[in-house]
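Asker: Below are the sequence and a predicted model for it; my questions follow.
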Amino acid sequence: MSENKLVDLSFEFAVYIVKLVDEIKTPKSSYMINQLARAGTSIGANIHEAQYAQSKKDFISKLEIALKESNETSYWLRLMHETDRIEYSEYKKAEQLCGNIRRILIASCRTAKENS
């Protein structure tokens, strides 16, 4: 899978997260909604930024930040589901998409480190 595919997947995931958080109506959830939105959209932003890295080290750093953000996104998704802010089906779909991106990021980071 090319980096462009990763850029596309992460952008699609960000769109999904934005739409998901826009549907949440629980009034006392704004702090969780903001955290989920920030972490979920940051994944793609860092992957996109990595495409224009100044060095191999910078490239790896951006991908590692995206990986950390994907892990944080999973946390917020789980918390939102466990506290009945999002339905199980939405949680599973979002977690599957996030997990796919995370696996690609892990492989990409490993490959980039081996090639540096």
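Answerer: The structure has been received and is ready for your questions. Numbers count the residues shown, from 1 in each chain.
Asker: shaky segments in this protein?
Answerer: Within the chain, the stretches with pLDDT under 70 are 1-3.
Asker: just the helices in it please.
Answerer: Along the chain, counting by DSSP state H, helices occupy 3-23, 30-50, 56-82, 88-114.
Asker: can you list the ones you listed in JSON lines and add mean neighbour count?
Answerer: (Glycine included, C-beta is placed from N, CA and C.) Shown next, in JSON lines, are the helices of the chain (neighbours: other CB atoms under 10 Å):
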{"stretch": "helix 3-23", "mean neighbour count": "16"}
{"stretch": "helix 30-50", "mean neighbour count": "19"}
{"stretch": "helix 56-82", "mean neighbour count": "19"}
{"stretch": "helix 88-114", "mean neighbour count": "16"}
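Asker: wouldn't residue 102 be in contact with residue 72 here?
Answerer: No. Using CB atoms under 8 Å, residue 102 makes no contact with residue 72, being 10.9 Å away.
Asker: Identify the contacts common to these two.
Answerer: Shared contacts of residue 102 and residue 72 (CB atoms under 8 Å, 6 or more residues apart in numbering): none.
Asker: contacting residues around residue 24?
Answerer: Contacts of residue 24 by CB under 8 Å, 6+ apart are 33, 80, 85-86.
Asker: Apply 10 Å and report the result again.
Answerer: Applying CB atoms under 10 Å, 6 or more residues apart in numbering to residue 24 gives the contacts 30, 32-33, 36-37, 80, 85-86, 90.
Asker: Tell me the spacing between it and residue 91.
Answerer: Going from residue 24 to residue 91 by CB to CB, to the nearest Å gives 12 Å.
Asker: which residues are common contacts for those two?
Answerer: Common neighbours of residue 24 and residue 91 (CB under 10 Å, 6+ apart) are 80, 85.
Asker: and the closest residue to residue 67 other than its chain neighbours, how far is that from residue 35?
Answerer: Nearest residue to residue 67, sequence neighbours excluded (CB to CB, 6 or more residues apart in numbering): residue 105, at 4.4 Å. To residue 35, residue 105 is 20 Å away according to CB to CB.
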